[in-house]
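Participant: Fold the stuff below for me.
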Amino acid sequence: MTARLNRAGRAVTRDEAAQSVGISRKLAAFHLDKLVDAGLLATRYEQPGGLRRVGRAPKVYEPSDLDVQVSIPPREPVLLADILLDAVLAETPGESAGLRGARLGPERALTCAQQVLERHGFEPSRDTPTLVRLRNCPFHPLAAKAPELVCGINHAFLAGFLDGLGAPAVQATLIPRPGHCCVELGVPQDPGGAAADAPACAKDGDGPSPAPPGS
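Facilitator: Numbering: from 1, shown residues only. Predicted coordinates for the structure are as follows:
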């Protein structure tokens, strides 16, 4: 129904909405008001087409400004666009928006990474205490269209994210696997020394929370 209202190009009455989808006025009113409650439609009272008529103006509906996208499994092409935009508007050398002044140990860094990447559709899985695999690629099907480009951007993005966490012992490794994200996060077999431990994520109330990717 919202698609039909978008195509109408103006606010419509309950009668017009009902006629456009072939249902009763009462049923149309029920669904329209549900969409208003969800924030997908806005409503007001006015005469259709701006005509002046005797009596109370009918209730009319039009799409709201709310932008809603639903994808199963999660896809985030906007996040990829944000990464590219940030690269174009990159800071001067030596600047960084990541966490500074505190370093996280490998396991705590992976815990923080899990919490943030879960919110962005990567579906992280903690396979071992020092390994996080990402079961979903939020950039598919763009990655299927240009795998080397998109996977390269994703790898650089996640490596930069770990750098922002202050976790030098954890690396983002490009390991393409069908049906999964092409990158996994973990501690190499011989990392050359562990990083000093630091306060846990904000979830534990001991320190600042890492900024979400793309923010």
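
Participant: quick one: secondary structure of the nearest residue to Cys137 once chain neighbours are set aside?
Facilitator: Among residues not flanking Cys137 along the chain, Cys181 sits closest, at 4.6 Å (CB to CB, 6 or more residues apart in numbering). Every C-beta, even on glycine, is put in place using the N, C-alpha and C of the backbone. The three-state label given to Cys181 by DSSP: H, G, I helix; E, B strand; the rest coil is coil.

Participant: and Cys181, how many neighbours does it have?
Facilitator: Cys181 has 27 neighbouring residues, counting by other CB atoms under 10 Å.

Participant: What distance do you get for it to Thr111?
Facilitator: According to CB to CB, to the nearest Å, Cys181 and Thr111 sit 18 Å apart.

Participant: Likewise for Gly22?
Facilitator: Distance of Gly22 to Thr111, given as CB to CB: 53 Å.

Participant: ok, these two, which is more surrounded?
Facilitator: Higher neighbour count among Gly22 and Thr111: Thr111, with 18 against 7, using other CB under 10 Å.

Participant: per-residue pLDDT, the more buried one?
Facilitator: Confidence at Thr111, expressed as pLDDT, is 91.

Participant: Could you verify that Leu185 is part of a strand?
Facilitator: Yes: assessed by three-state DSSP, Leu185 belongs to a strand.

Participant: and Asp163, how many neighbours?
Facilitator: Using other CB under 10 Å, Asp163 is surrounded by 15 other residues.

Participant: Let me fix that, I meant to ask about His31.
Facilitator: 17.

Participant: I'd assumed it was in a strand, is it?
Facilitator: No: the assignment for His31, made by three-state DSSP, is helix rather than a strand.

Participant: Of all the helices and strands in this protein, which has the lowest average confidence?
Facilitator: Using mean pLDDT, DSSP states H and E, helix 77-88 stands out as the lowest-scoring helix or strand of the chain, at a mean of 61.

Participant: what's near enough to touch the residue nearest to Cys137?
Facilitator: Contact analysis of Cys181 by CB atoms under 8 Å, 6 or more residues apart in numbering lists 122, 133-138, 154.

Participant: Please look at Glu46 and Ala11 and confirm they touch.
Facilitator: Yes: using CB atoms under 8 Å, Glu46 is in contact with Ala11, at 6.9 Å.
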